[in-house]
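> got a structure for you, letters missing:
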């Protein structure tokens with residue numbers, strides 16, 4: 001006990017002696033209704049934390065690994081509530097939890113806000129809730145309030161702080177959708193599942209949960225902890241009149257709260273993407289956020305070793321920045337309160353890159369430029385940042401479609417800002433002479449000082465001094481009825497519902513000189529789609545292929561020589577025999593020397 005008290009006193013002394021900005025270059029001003037989204041957008045990169053009593057199990061139940069999201073183990077294994085209390089909750093004692101350590105790590109990673117699961121779908125309160133004894137102080141040996149400790153640590157370091165609260169699901173409450181285990185999830189349809197006569201009996205029961213637990217606990221969290229952000233989830237598990245009352249209660253209690261889009265239809269401050277994004281489908285939202293996770297589970301899973309390298313998240317950050325979005329990256333701490341060393345390594349790797357290149361990420365705007373053959377771009381004021389994933393082998397970095405004049409160019413990693421040679425190739429393209437060896441093979445940032453406003457052409461430039469021109473379907477345009485973009489995660493990183501012969505996807509492109517390319521196509525198709533025939537039109541040239549089964553398989557369609565000028569590349573059905581044509585992810589145009 002004495003050791004614990006001494007540690008707290010030393011932290012308080014440190015907080016008093018060290019200036020607030022010594023640990024972080026981001027400290028948000030007081031939040032008002034008028035400035036809240038500006039502050040949230042400038043924060044840009046945050047830490048999402050899925051941590052609860054389920055973390056004690058680590059995705060394993062009775063010696064058997066349970067695949068998928070570890071935080072869903074209670075439901076997936078249909079664990080009786082009394083057993084869950086005895087075998088999981090009563091044994092949860094995260095004695096190694098240190099809020100200061102978590103926030104220090106978030107800062108080191110370059111993160112400027114934090115959102116943690118106060119209550120996930122298992123219904124367990126990770127704070128000493130007075131609404132129910134089903135909480136961390138009353139039912140575990142831990143007896144502390146980790147939510148307050150984290151909130152206070154974030155305040156000391158100037159990070160925004162928020163709660164994830166599962167408002168529409170609660171597997172511990174008889175009317176919080178625990179009943180789904182007996183007769184399934186009500187499936188939404190055009191009229192709403194809650195209007196189906198067989199579900200009408202449930203509506204008054206659901207109101208009991210909403211008004212005796214969901215709303216009272218939200219009142220506790222807002223009034224007692226004063227969070228900056230509320231992150232809701234799975235609103236479709238309750239009728240909209242219920243989720244609307246929940247969200248509006250939160251809004252009235254604290255109007256300056258920043259609220260995501262998973263709370264109730266139509267009432268939100270920013271849009272949340274689907275889980276585990278790999279790419280981002282087009283969106284017109286002014287404010288939006290993606291939620292990748294370090295492996296494939298949000299909660300800690302001992303057997304999930306699919307951790308992605310820091311390079312994946314660095315490039316995903318650049319993609320989000322190019323589209324004007326935030327990234328809330330998830331980690332799942334272990335049951336003992338420590339963050340998995342694999343996650344720590346990923347976070348430190350991202351942080352090292354951001355220390356050098358953060359200027360090109362934080363608070364930037366959606367770029368007016370088309371996707372470049374070598375990578376992405378982001379914009380802030382008169383600066384255009386080139387995120388170069390694929391370094392040009394000849395030292396000629398061509399910025400396609402940039403009409404604005406460039407006054408200066410330099411490597412962001414160069415402390416001396418040595419000027420790079422600039423040459424205007426034509427009215428649309430600018431050449432930057434760069435070193436022949438990439439300073440950073442993951443993402444080297446070149447900064448350009450431009451005349452404002454930055455003006456760009458809408459047609460994408462194909463280039464021949466890169467290994468590949470990657471035409472992702474999310475960067476193309478969809479035509480015709482039915483066809484739509486997938487969510488961008490591993491399950492749907494493609495276009496879907498391609499069942500009409502008049503539907504197709506296209507990319508307007510441009511070439512400055514004749515070029516020869518090997519054309520490859522990447523798609524997913526089940527056995528039922530085998531035999532469909534498609535065409536790839538590249539201006540006047542046409543290639544054909546027959547759909548083969550596989551998941552994200554790549555097929556070589558041959559070589560074409562293309563003439564200079566502006567033309568359209570399109571993929572369209574020729575013979576649509578079975579269901580959808582395919583689930584297309586990308587075309588790849590590989591220069592042939």
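Nice, I can see it. Everything numeric in this text was worked out from a predicted model, so none of it was measured.
> Can you give me the first-to-last residue distance of stretch 378-392?
The first residue of stretch 378-392 is 19 Å away from its last residue (CA to CA, to the nearest Å).
> just stretch 78-91 next, same as before
Start-to-end, stretch 78-91 (CA to CA) is 19 Å.
> any idea of the mean pLDDT in it?
Averaged over stretch 78-91, pLDDT sits at 96.
> outside of that stretch, which residues touch it?
53-54, 56-57, 61, 73-74, 122, 124, 139-141, 172, 178, 181 (CB atoms under 8 Å, 6 or more residues apart in numbering). Backbone N, C-alpha and C define where each C-beta goes, glycine included.
> tell me the pLDDT at the closest residue to residue 300 other than its chain neighbours?
Leaving out its chain neighbours, the residue that sits closest to residue 300 by CB to CB, 6 or more residues apart in numbering is residue 332, at 3.9 Å. At residue 332, the model reports a pLDDT of 98.
> How about residue 180?
54.
> With residue 27 instead?
89.
> which phi and psi does it have?
Dihedral pair for residue 27: phi -140, psi 110, per degrees, to the nearest 10.
> Is the most centrally placed residue in the chain bridged to anything, and to what?
Nearest to the mean C-alpha position of the chain, counting by CA atoms, centre = their mean, stands residue 290 at 2.2 Å. Per DSSP bridges, the residues bridged to residue 290 are residue 327.
> Looks like it contacts residue 313 (just checking).
No - counting by CB atoms under 8 Å, residue 290 stays clear of residue 313, with 10.5 Å between them.
> Identify the contacts common to these two.
residue 327.
> returning to that earlier point: okay, now the residue nearest to residue 300: neighbour count?
Residue crowding around residue 332 was assessed by other CB atoms under 10 Å; the count is 29.
> ok, now how distant is it from residue 47?
From residue 332 across to residue 47, the span is 11 Å (CB to CB, to the nearest Å).
> do residue 151 as well
Counting by CB to CB, the gap from residue 151 to residue 47 is 14 Å.
> Same question for residue 314.
Applying CB to CB, the value for residue 314 to residue 47 is 16 Å.
> Which one's more surrounded, those two?
Of the pair residue 314 and residue 47, residue 47 is the one with more neighbours under other CB under 10 Å, namely 24 against 21.
> right, and the helix or strand after the host helix or strand of that one?
Taking DSSP states H and E as the criterion, residue 47 maps to strand 45-49. Following strand 45-49 in sequence order, the next helix or strand is strand 60-61 (DSSP H and E).
> Please identify the pairing partners of the helix or strand following that following strand and their relative orientation?
As assigned by DSSP H and E, the chain's next helix or strand after strand 60-61 is strand 64-65. Here strand 64-65 has these sheet partners by DSSP bridges: strand 60-61 (antiparallel).
> Please list the outside residues in contact with the strand it pairs with.
66, 73, 77, 79, 302, 303.
> Among these, name the ones in helices.
residue 73 (DSSP state H).
> quick one: which of the contacts of strand 60-61 is nearest to residue 340?
Nearest to residue 340 among those, counting by CB to CB, is residue 302 at 9.3 Å.
> OK, contacts around the closest residue to the closest one other than its chain neighbours?
Computed as CB to CB, 6+ apart, the closest residue to residue 302 that is not its neighbour in sequence is residue 58, at 3.9 Å. Taking CB under 8 Å, 6+ apart, we find residue 58 in contact with 70, 300, 301, 302, 303, 334, 335.
> repeat for residue 561
Applying CB under 8 Å, 6+ apart, the residues near residue 561 are 514, 515, 516, 541.
> Show the pLDDT at residue 204.
89.
> What does it show for phi and psi?
phi -60, psi -30.
> Let me know the distance separating it from residue 432.
66 Å.
> Then residue 111?
31 Å.
> Tell me which of the two has more neighbours.
Taking neighbours as other CB under 10 Å, residue 111 and residue 432 compare with residue 111 leading, 27 against 21.
> Quick check, the more buried one in contact with residue 44.
No - using CB under 8 Å as the test, residue 111 is too far from residue 44 to be in contact (9.0 Å).
> quick one: what helix or strand has residue 32 in it?
Per DSSP H and E, there is no helix or strand for residue 32.
> Domain ranges for the chain, per the record?
Residue ranges for the domains of the chain, per automatic domain parsing: 33-360, 375-458, 469-591.
> End to end on the first one, go ahead and measure it.
So the one you mean is domain 33-360. 27 Å.
> what's the answer for stretch 152-170, then?
27 Å.
> got it, and stretch 403-412?
22 Å.
> What of stretch 478-492?
16 Å.
> Would you mark the buried spots in that stretch?
Neighbour-count burial for stretch 478-492, counted by 16 or more other CB atoms under 10 Å, picks out 478, 483, 485, 486, 487, 488, 489, 492.
> List the contacts of the second one.
Okay, so that is residue 483. Taking CB under 8 Å, 6+ apart as the test, what residue 483 contacts is 495, 496, 497, 498, 500, 503, 504, 505.
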